[in-house]
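Chemist: Predicted structure and sequence below. I'll ask about it afterward.
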Amino acid sequence: MKNSQIINEIDFLLNTYCDGCFVKTVLRKEKGKTVAHDFCIHSCTVGEEIRQIGDKLNSK
Ligand code: SF4
């Protein structure tokens, strides 16, 4: 997959699910940025998918 396709896929997920995400907003407000970021990466299936797609960029 081309880098531009990978970036488009990530963009799509961010725009569709992450923009205005209620969970992230509440976690950031109540627990801080680090906890919110940690949740996105380790506990959300969308975050997990973004990370997996991002790994394809890094492996090039
Ligand atoms: S990764 Fe999940 S929890 Fe984090 S902003 Fe996106 S949809 Fe929300």
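Modeler: That came in fine, so what should we check first?
Chemist: Within the helices and strands, which one has the most centrally placed residue in the chain?
Modeler: For the chain, G47 is the residue whose C-alpha lies nearest the centre (CA atoms, centre = their mean; 3.8 Å). Per DSSP states H and E, G47 falls inside helix 45-58.
Chemist: packing partners for that helix?
Modeler: helix 3-13, helix 33-42 (3 or more CB pairs under 8 Å, 6 or more residues apart in numbering; DSSP states H and E). C-betas here are computed from N, CA, C, even on glycine.
Chemist: If you count neighbours, what's buried in that helix?
Modeler: Within helix 45-58, the residues that count as buried by 16 or more other CB atoms under 10 Å are G47, I50, I53.
Chemist: now the angle between helix 3-13 and that helix, please.
Modeler: Between the axes of helix 45-58 and helix 3-13, defined by axes from the mean of the first three to the mean of the last three CA atoms, to 10 degrees, the angle is 170 degrees.
Chemist: quick one: helix 45-58 near the ligand?
Modeler: Yes. Counting by CB under 6 Å from any ligand atom, the ligand is contacted by helix 45-58 at V46, G47.
Chemist: need the helices and strands packed on helix 45-58 in TSV with distance to T25, mean neighbour count and mean pLDDT, can you?
Modeler: Shown next, in TSV, are the helices and strands packed on helix 45-58 (distance: least, CB to CB, whole Å; neighbours: other CB atoms under 10 Å; pLDDT from 0 to 100):
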stretch	distance to T25	mean neighbour count	mean pLDDT
helix 3-13	17	13	96
helix 33-42	8	14	97
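Chemist: Could you dump these into TSV and include distance to the ligand?
Modeler: Compiled in TSV, the helices and strands packed on helix 45-58 are given as follows (distance: least, CB to the nearest ligand atom, whole Å):
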stretch	distance to the ligand
helix 3-13	8
helix 33-42	3
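Chemist: before we move on, back to that, show the contacting residues for the residue nearest to the centre of the chain.
Modeler: F39, C40, I41 (CB atoms under 8 Å, 6 or more residues apart in numbering).
Chemist: three-state assignment of G20?
Modeler: The assignment at G20 comes out as coil when based on DSSP: H, G, I helix; E, B strand; the rest coil.
Chemist: what's the neighbour count on it?
Modeler: 8 (other CB atoms under 10 Å).
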